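1. model the following, please.
(one chain, ligands or ions: 4)
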Amino acid sequence: MAAQSLNLFISISHSTKPSLHFSSAVSPFALTKNPSKTSLCIKASAASDPNPSVLTSANGAGSVFAAAPFHAVSDSSSIEVDAVTEAELKENGFRSTRRTKLICTIGPATCRPEQLEALAVGGMNVARINMCHGTREWHREVIQSVRRLNEEKGYAVAIMMDTEGSEIHMGDLGGASSAKAEDGEIWTFSVRAFDSALPERTINVNYGGFAEDVEVGDELLVDGGMVRFDVIEKIGPDVKCRCTDPGLLLPRANLTFWRDGSLVRERNAMLPTISSKDWLDIDFGITEGVDFIAVSFVKSAEVIKHLKSYIKARARDSDISVIAKIESIDSLKNLEEIVQASDGAMVARGDLGAQIPLEQVPSEQQKIVQVCRQLNKPVIVASQLLESMIEYPTPTRAEVADVSEAVRQRSDALMLSGESAMGQFPDKALTVLRSVSLRIEKWWREEKHHEAMELPGIASSFADSISEEICNSAAKMANNLGVDAIFVYTKTGHMASLLSRCRPDCPIFAFTTTTSVRRRLNLQWGLIPFRLSFSDDMENNLNKTFSLLKARGMIKSGDLVISVSDMLQSIQVMNVP
Ligand SMILES: Nc1ncnc2c1ncn2[C@@H]1O[C@H](COP(=O)(O)OP(=O)(O)OP(=O)(O)O)[C@@H](O)[C@H]1O
Ligand SMILES: CC(=O)C(=O)O
Ligand SMILES: [K+]
Ligand SMILES: [Mg+2]
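-> Ligands and ions are numbered 1, 2, ... in the order given. Below is the predicted model:
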């Protein structure tokens with residue numbers, strides 16, 4: 001990195017409605033303006049000696065696997081970052097920090113505090129709880145353990161609650177963790193409520209209309225085809241089926257039935273996206289202060305809008321993001337509207353692959369990732385990324401290729417399901433996601449393989465347009481100048497997400513004033529979220545940040561940084577003094 005001691009300060013102010021264009025080959029000196037409407041001030045000064053006005057003592061420089069002592073006090077002179085990020089920055093430098101975020105579904109294999117901590121140490125950014133399984137008391141314990149971990153160790157692990165939704169699924173297997181269906185066996189799927197133990201080879205179905213809706217000759221798919229049956233006989237509430245594709249039946253697995261090669265959507269299509277049980281779970285999530293609610297089987301944008309206004313009315317001071325799970329034919333049909341209405345989306349390939357032919361899933365994934373990036377919504381690729389690791393300690397080559405593809409598409413986050421919830425090797429699975437992400441990100445950066453995605457304007461106001469232009473330009477400048485990091489000072493997180501959307505080559509240090517925004521930013525590509533008190537005085541903020549980060553060894557003199565903020569709409573380029 002060529003050392004530069006130039007502090008370039010560009011601030012844009014406008015009294016009348018200005019039109020501002022940054023030239024396409026943006027360099028810090030190649031800004032153009034419309035002089036009649038915009039005042040553009042470029043201040044260049046030596047930045048060798050900004051007054052290190054705020055200096056606190058080094059705050060426990062820990063190594064990766066021993067969480068550093070963390071000062072949870074949110075006083076104005078501290079900065080909150082977790083020990084893992086801190087050690088990663090110190091030991092490997094900015095360039096090699098991971099950009100792709102990792103989500104772990106928490107289940108019996110990972111719910112104890114020490115297991116959760118191992119996941120946080122291993123790079124978990126978001127913990128997902130699936131309301132299909134477990135009791136609310138169980139989920140509350142998990143949420144509280146994660147919160148304690150954040151408070152005591154300085155992590156910013158966010159919590160995502162995933163609704164059950166009202167699609168058809170099996171009941172629990174009378175306490176068994178799984179059951180094996182063998183080729184040719186006859187199983188009974190029944191809507192009856194069994195008081196005592198389930199008879200042998202009997203499966204409960206949650207949907208009352210099941211026996212009426214299926215027909216002899218239909219094909220019944222468990223979990224999108226993990227196990228298949230042919231419907232051979234209907235006897236009142238019981239449906240007899242012959243297993244044609246053997247496999248493992250898991251509790252509450254999803255059921256779909258197919259007739260003449262297409263998915264049957266009879267009355268179950270009328271089931272509400274958010275069931276009454278889901279609403280109670282959502283109330284629970286609001287009370288417990290979850291960061292994200294992922295809505296299963298979204299069909300239209302309306303349900304998302306409804307939920308968002310419900311949350312707004314109910315949770316005045318906690319802002320919960322709503323993630324639309326794309327896992328049905330209807331959600332594909334209404335994709336853009338749904339994504340637009342949501343705060344993010346999940347490619348829920350498990351159920352999606354049960355509703356559309358499997359060979360269509362990869363192209364749909366690509367499309368969903370692209371639409372989300374264009375609309376600036378974080379996107380998660382989920383399900384079966386490392387399925388074999390539920391049982392085995394190493395992934396298949398094909399699984400590694402699948403993870404690589406999601407990283408190459410530059411989705412915001414990858415998610416573990418059964419691998420972390422009930423698998424035998426949750427930590428190893430997380431390590432595989434982490435190391436494959438790092439390796440593929442580096443490869444694509446070095447080879448400059450990444451195709452530039454066209455990013456349409458998305459601003460809904462003029463002020464937003466300025467933010468967007470600033471972020472697009474800052475990201476481009478960062479790549480052209482080869483800067484070490486982009487700093488963004490953002491209260492709501494919006495500027496940070498606009499920068500993330502550009503997927504720049506360097507990491508983005510996102511400074512925000514509240515812990516809840518910090519947690520939510522942890523879902524987005526390339527953002528390293530810090531909590532920091534800051535003012536409207538950017539010079540002061542920068543000096544303070546440099547001092548705090550330098551004192552902890554996370555940056556050093558000479559590092560080249562671009563800084564933007566949503567208080568003062570500006571781009572600054574400088575070397576760390
Ligand atoms: N809280 C939990 N308690 C017990 N088992 C769980 C829990 N969460 C997940 N599991 C187990 O892990 C498996 C995979 O989890 P996952 O969240 O992918 O659920 P799923 O049932 O496949 O549904 P979904 O379509 O909502 O993802 C589940 O089938 C279940 O066996
Ligand atoms: C995650 C999820 O719900 C699915 O893949 O179906
Ligand atoms: K779910
Ligand atoms: Mg699903």
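2. for ligand 3, give me its nearest residue in the stretch 451-577 of the chain.
-> Nearest residue of the stretch 451-577 of the chain to ligand 3 (CB to the ion) works out as residue 523 at 17.3 Å. (C-beta placed from N, C-alpha, C; glycine too.)
3. C-alpha coordinates for the longest helix belonging to the chain, PDB please?
-> What stands out as the longest helix in the chain, according to DSSP state H, is helix 426-447. Presented in PDB, the C-alpha positions along helix 426-447 are these (Å, rounded to 0.1, in the frame of the first residue of the first chain):
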ATOM      1  CA  PRO A 426     -21.800 -28.900  14.600                       C
ATOM      2  CA  ASP A 427     -18.500 -27.200  15.200                       C
ATOM      3  CA  LYS A 428     -16.800 -29.000  12.300                       C
ATOM      4  CA  ALA A 429     -19.600 -28.000  10.000                       C
ATOM      5  CA  LEU A 430     -19.200 -24.400  11.000                       C
ATOM      6  CA  THR A 431     -15.500 -24.600  10.400                       C
ATOM      7  CA  VAL A 432     -16.100 -25.900   6.900                       C
ATOM      8  CA  LEU A 433     -18.400 -23.000   6.100                       C
ATOM      9  CA  ARG A 434     -15.900 -20.600   7.500                       C
ATOM     10  CA  SER A 435     -12.900 -22.000   5.700                       C
ATOM     11  CA  VAL A 436     -14.600 -22.400   2.400                       C
ATOM     12  CA  SER A 437     -16.000 -18.900   2.600                       C
ATOM     13  CA  LEU A 438     -12.600 -17.400   3.300                       C
ATOM     14  CA  ARG A 439     -10.900 -19.400   0.500                       C
ATOM     15  CA  ILE A 440     -13.400 -18.700  -2.100                       C
ATOM     16  CA  GLU A 441     -13.700 -15.000  -1.200                       C
ATOM     17  CA  LYS A 442      -9.900 -14.600  -1.500                       C
ATOM     18  CA  TRP A 443      -9.800 -16.500  -4.800                       C
ATOM     19  CA  TRP A 444     -12.500 -14.300  -6.300                       C
ATOM     20  CA  ARG A 445     -10.900 -11.100  -5.100                       C
ATOM     21  CA  GLU A 446      -7.400 -12.100  -6.300                       C
ATOM     22  CA  GLU A 447      -8.600 -13.400  -9.700                       C
END
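4. that one packs against which elements?
-> With contacts taken as 3 or more CB pairs under 8 Å, 6 or more residues apart in numbering; DSSP states H and E, helix 426-447 sits against strand 101-105, helix 113-121, helix 397-408, strand 413-416, helix 418-421.
5. which helices and strands does the longest one pack with?
-> Contacts defined by 3+ CB pairs under 8 Å, 6+ apart place helix 397-408 against helix 361-374, strand 413-416, helix 426-447.
6. so which of the ones you listed is nearest ligand 4?
-> The nearest among the helices and strands packed on helix 397-408, by CB to the ion, is strand 413-416 at 11.1 Å.
7. other residues contacting that closest one?
-> 100-105, 125-126, 128, 346, 378-383, 385-386, 403, 406-407, 426, 429-430, 433, 437, 523, 525 (CB atoms under 8 Å, 6 or more residues apart in numbering).
8. quick check: residues of the stretch 201-350 of the chain near ligand 3?
-> The stretch 201-350 of the chain has residues residue 296 near ligand 3, with proximity defined as CB under 5 Å from the ion.
9. looking at the stretch 201-350 of the chain, what residue ends up closest to ligand 3?
-> Closest contact between the stretch 201-350 of the chain and ligand 3, by CB to the ion, is at residue 296 (4.5 Å).
10. quick one: contacts for that residue?
-> 162, 163, 164, 165, 167, 273, 325, 327, 348, 351.
11. what's the burial count for residue 395?
-> 23 (other CB atoms under 10 Å).
12. what's the answer for the one 10 residues further on, then?
-> Around residue 405 sit 15 other residues, with neighbours defined as other CB under 10 Å.
13. in this protein, what residue is nearest ligand 4?
-> residue 351 (3.6 Å).
14. was I right about that residue contacting residue 253?
-> No: between residue 351 and residue 253 there is no contact under CB atoms under 8 Å: 10.4 Å.
15. on that earlier part again, adding mean neighbour count, mean pLDDT and distance to residue 306, write the helices and strands packed on helix 397-408 out as TSV.
-> TSV is the format used below for these (neighbours: other CB atoms under 10 Å; pLDDT from 0 to 100; distance: least, CB to CB, whole Å):
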stretch	mean neighbour count	mean pLDDT	distance to residue 306
helix 361-374	18	98	21
strand 413-416	27	98	25
helix 426-447	19	95	34
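16. and for residue 132, the neighbour number?
-> Around residue 132 there are 16 residues (other CB under 10 Å).
17. dump the residue contacts of it.
-> Contacts of residue 132 by CB under 8 Å, 6+ apart are 162, 164, 169, 252.
18. return the set of residues that bridge with residue 238.
-> Beta bridges link residue 238 to residue 190, residue 235, judged by DSSP bridges.
19. ligand 2 contacts on the stretch 301-450 of the chain?
-> For the stretch 301-450 of the chain, the contact set with ligand 2 under CB under 6 Å from any ligand atom comprises 325, 327, 348, 349, 350, 351, 382, 383, 417.
20. for those residues, which one is nearest residue 287?
-> Minimum distance to residue 287 across those is 22.1 Å, recorded for residue 325 (CB to CB).
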